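In: what follows is a predicted protein model with its sequence.
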Amino acid sequence: MTAWTEGKLIAKKHWNDTLFSLHIEASVPAFEAGQFTKIALDIEDKRVGRPYSFVNAPHEGALEFYVVKVPEGELTPKLLALEVGESIWVQTRPVGFFVLSEVPEGKTLWMLASGTALGVFLSILKTTTPWQRFENIVLCHAVRQSESLSHHDLIGQFKTQYPNQFQFVPFVSREESPGAFAGRITTALENGSLEKHTGLTISSEDTQVMICGNPEMVKESMQVLQSKGLKKHTRKEAGHITIENYWK
Ligand SMILES: Cc1cc2nc3c(=O)[nH]c(=O)nc-3n(C[C@H](O)[C@H](O)[C@H](O)COP(=O)(O)OP(=O)(O)OC[C@H]3O[C@@H](n4cnc5c(N)ncnc54)[C@H](O)[C@@H]3O)c2cc1C
Ligand SMILES: NC(=O)c1ccc[n+]([C@@H]2O[C@H](COP(=O)([O-])OP(=O)(O)OC[C@H]3O[C@@H](n4cnc5c(N)ncnc54)[C@H](OP(=O)(O)O)[C@@H]3O)[C@@H](O)[C@H]2O)c1
């Protein structure tokens, strides 16, 4: 039985026509950065809930969820239409294993995100743990068009705060975008251009990779990394690749 608490939308940030952040006031129990909960609306007498990763860090007061409108989706068009001051249901049990306490030690942490999966990494990066544990952190964000790149200020703060430890690599696949990698993460992993660009090597010796978002991107990125000798991490057998899919 899902337990819900009633939250209130306190702010909504539109990144473009389809991408938005919901800032919600709601009381949820302690969680670990990287976890998710469900948010829901009552639509025609039915509670429609879906999982969303926290973008806020556990220590931050208000909750943030970073959402893309799926045009034919049941919930996201209604979330986009929600107005500040309106109520929204939040599940009171944060869950998930896409967290640093599940990731083995390493020297370099690669974070590979497509679309709104950027958010889960921002939550993790807002905590002190990754900066204490890893010598180098590379955040890759893959989008179709440059207008879907978001959270520029926060990413800029990480760059300023950790200039020798942090690199952000945007990927824009469907248009020319100065300053971004053209094409897909998988291509840049495969042909070595991502390693060349960052000056960091992907090796089973000292690399940990977290991948989140589009399941095809997750699967194909993992395949490329496996061809380089990295292994999927499980609780039974320590490896190098930790994944989360946003849909099937
Ligand atoms: C663990 C977990 C965490 C998630 N966190 C987020 C999050 O932080 N932000 C977020 O936007 N979504 C997230 N999702 C996806 C989210 O739960 C919903 O599936 C999504 O918002 C669509 O809901 P809907 O009812 O509008 O569409 P539905 O009617 O449920 O249609 C689902 C279809 O929409 C497409 N789709 C779903 N999610 C996405 C997406 N993020 N980007 C592009 N296409 C998508 C897929 O084709 C999928 O089959 C997460 C999913 C999981 C499993
Ligand atoms: N029509 C569809 O088939 C379809 C599929 C998914 C999402 N959507 C809708 O499109 C909107 C925006 O989605 P989005 O841009 O956040 O998601 P997305 O389609 O996952 O695209 C994000 C990035 O991931 C890349 N990518 C996709 N598949 C990959 C793979 N197998 N390997 C490596 N990289 C891959 C994309 O590259 P490319 O540009 O090269 O694909 C793009 O750069 C949403 O409304 C969603 O519902 C539509």
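Out: Yep, it's here. Fair warning: this is a prediction, and the values are worked out from it, not measured in the lab. Ligands and ions are numbered 1, 2, ... in the order given.
In: contacts only, for the residue of the chain found nearest ligand 2.
Out: Using C-beta to the nearest ligand atom, the closest approach of the chain to ligand 2 is made by residue 115 at 2.6 Å. Where you see a C-beta, it was placed from the backbone N, CA and C, and this is true even at glycine. Neighbouring residues of residue 115 by C-beta atoms under 8 Å, 6 or more residues apart in numbering: 68, 142-143, 148, 213-214, 246.
In: try it again at 10 Å.
Out: Applying C-beta atoms under 10 Å, 6 or more residues apart in numbering, we find residue 115 in contact with 19, 66, 68, 141-144, 148, 150, 212-214, 217, 246.
In: buried set for stretch 114-131?
Out: For stretch 114-131, a neighbour-count test (16 or more other C-beta atoms under 10 Å) marks 114-127, 129-131 as buried.
In: mind giving me the packing neighbours of the biggest helix by length in the chain?
Out: What stands out as the longest helix in the chain, according to DSSP state H, is helix 215-227. When contacts are defined as 3 or more C-beta pairs under 10 Å, 6 or more residues apart in numbering; DSSP states H and E, helix 215-227 sits against strand 108-114, strand 136-143, helix 185-190, strand 207-213, strand 241-245.
In: let's see that with 8 Å instead.
Out: strand 108-114, helix 185-190, strand 207-213, strand 241-245 (3 or more C-beta pairs under 8 Å, 6 or more residues apart in numbering; DSSP states H and E).
In: pLDDT on that helix, on average?
Out: Computed over helix 215-227, the mean pLDDT rounds to 98.
In: got the CA positions of it in PDB?
Out: Taking C-alpha atoms only, helix 215-227 is exported to PDB below (Å, rounded to 0.1, in the frame of the first residue of the first chain):
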ATOM      1  CA  PRO A 215      17.300   2.500 -21.400                       C
ATOM      2  CA  GLU A 216      18.900   2.100 -24.900                       C
ATOM      3  CA  MET A 217      21.600   4.600 -24.000                       C
ATOM      4  CA  VAL A 218      22.200   2.800 -20.700                       C
ATOM      5  CA  LYS A 219      22.400  -0.600 -22.400                       C
ATOM      6  CA  GLU A 220      24.600   0.500 -25.300                       C
ATOM      7  CA  SER A 221      26.900   2.600 -23.100                       C
ATOM      8  CA  MET A 222      27.300  -0.400 -20.800                       C
ATOM      9  CA  GLN A 223      28.200  -2.600 -23.800                       C
ATOM     10  CA  VAL A 224      30.900  -0.200 -24.900                       C
ATOM     11  CA  LEU A 225      32.300  -0.100 -21.400                       C
ATOM     12  CA  GLN A 226      32.200  -3.900 -21.100                       C
ATOM     13  CA  SER A 227      34.200  -4.100 -24.300                       C
END
